[in-house]
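Participant: Here is a sequence together with a model predicted from it:
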Amino acid sequence: MKFFIDTANLDQIKEANELGILDGVTTNPSLMAKEGIKGHDAIMKHYKDICEMVDGDISAEVVSTDFKDIVEEGKKLAAIHPNIVVKVPMIKDGVKAIKWFTDNGIKTNCTLVFNAGQAILCAKAGAKYVSPFVGRIDDTGWDGVQLVEQIVHIYGVQGFKTQVLAASMRSPNHIIRCAEAGAHVVTSPLESILGLLKHPLTDVGLAKFLEDAKKLQ
Ligand code: E4P
């Protein structure tokens, strides 16, 4: 399973990258806005900075919603760096654009996916990644991990090459359950990634080992 961080914050990307387990980054317009990035040039520079920090796929999202504009915007994003994956929303023109990008050698991540039917369309259009939003589904009282499991199953049965990128993680447990469900990639905030490190018995055990180690001197 690949491990992506879901943020546009350069310090957090650096911290996760230094752990040595990072395979890529996902961003979205809300995450970019949170970092106070404004204007075309600043946005392009920020994506370039991320690409230069992490050796892996970096999702940069289009904000256009009609086919021609999505294609034009996506081409500019893809030209920033070979690691850029153009993130396209699950709308009719988005599906058409994903197919165009696929036919023209540009990698895509289909975002805002909330059911299996949408995931089938992503795969048919040739997206590299499909992003089911697990946490947002859970927020509505449904089971987001169950959707990940269903998409993984359908893709396996049908032999689709699109990778299931479990997004909208809210906790370390989400990451574990998505790994169990067969997600090819999980993208999480730094907090959830670091949450995987923690267990109280690890802390207690380490304190005891360090205390006993003093007796060895
Ligand atoms: C996916 O790529 C999105 O950036 C992200 O995972 C959305 O997460 P949220 O529901 O926490 O905003």
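Facilitator: Arrived safely. Numbers count the residues shown, from 1 in each chain.
Participant: Which residue is the nearest non-sequential neighbour of the spatially most central residue of the chain?
Facilitator: Relative to the mean C-alpha position of the chain, the nearest C-alpha, by CA atoms, centre = their mean, is the one of Thr187, at 3.8 Å. The shortest distance from Thr187 to any residue other than its chain neighbours is 3.8 Å, reached at Phe4 (CB to CB, 6 or more residues apart in numbering). C-beta: built from backbone N, CA, C; applies to glycine.
Participant: swap in Ser171?
Facilitator: Counting by CB to CB, 6+ apart, the nearest residue to Ser171 once its immediate chain neighbours are dropped is Ser192, at 5.8 Å.
Participant: Hmm, the residue nearest to Thr187 is touching Leu190, no?
Facilitator: No - counting by CB atoms under 8 Å, no contact exists between Phe4 and Leu190, whose distance comes to 11.5 Å.
Participant: which one of those two has more residues nearby?
Facilitator: Shown here are Phe4 and Leu190; by other CB atoms under 10 Å, Phe4 has more neighbours (27 against 17).
Participant: Now Ser59: which helix or strand?
Facilitator: Element membership for Ser59 (DSSP states H and E) is strand 57-61.
Participant: Enumerate the residues of the chain near the ligand.
Facilitator: Counting by CB under 6 Å from any ligand atom, the positions of the chain adjacent to the ligand are 6, 26, 28, 111, 131, 133, 135-136, 167-168, 187.
Participant: coming back round to it: dihedrals phi and psi, the residue nearest to the centre of the chain?
Facilitator: phi -110, psi 130 (degrees, to the nearest 10).
Participant: Equivalent analysis for Asp66, please.
Facilitator: Note on Asp66: its backbone torsions stand at phi -110, psi 150 [degrees, to the nearest 10].
Participant: got the CA coordinates for stretch 77-94 in CSV?
Facilitator: Output for stretch 77-94, consisting of C-alpha atoms alone and laid out as CSV, is shown next (Å, rounded to 0.1, in the frame of the first residue of the first chain):
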residue,chain,number,x,y,z
LEU,A,77,-0.7,21.7,-14.1
ALA,A,78,0.9,18.7,-15.7
ALA,A,79,3.6,20.8,-17.3
ILE,A,80,4.8,21.9,-13.8
HIS,A,81,6.6,18.6,-13.1
PRO,A,82,6.4,15.0,-14.3
ASN,A,83,5.2,13.9,-10.8
ILE,A,84,2.0,16.0,-11.1
VAL,A,85,-1.3,14.1,-11.2
VAL,A,86,-4.2,16.2,-12.4
LYS,A,87,-7.0,15.9,-9.9
VAL,A,88,-10.4,16.1,-11.6
PRO,A,89,-13.9,16.2,-10.0
MET,A,90,-16.4,13.4,-10.6
ILE,A,91,-18.7,15.3,-13.0
LYS,A,92,-19.7,14.6,-16.6
ASP,A,93,-17.1,16.9,-18.1
GLY,A,94,-14.6,15.6,-15.6
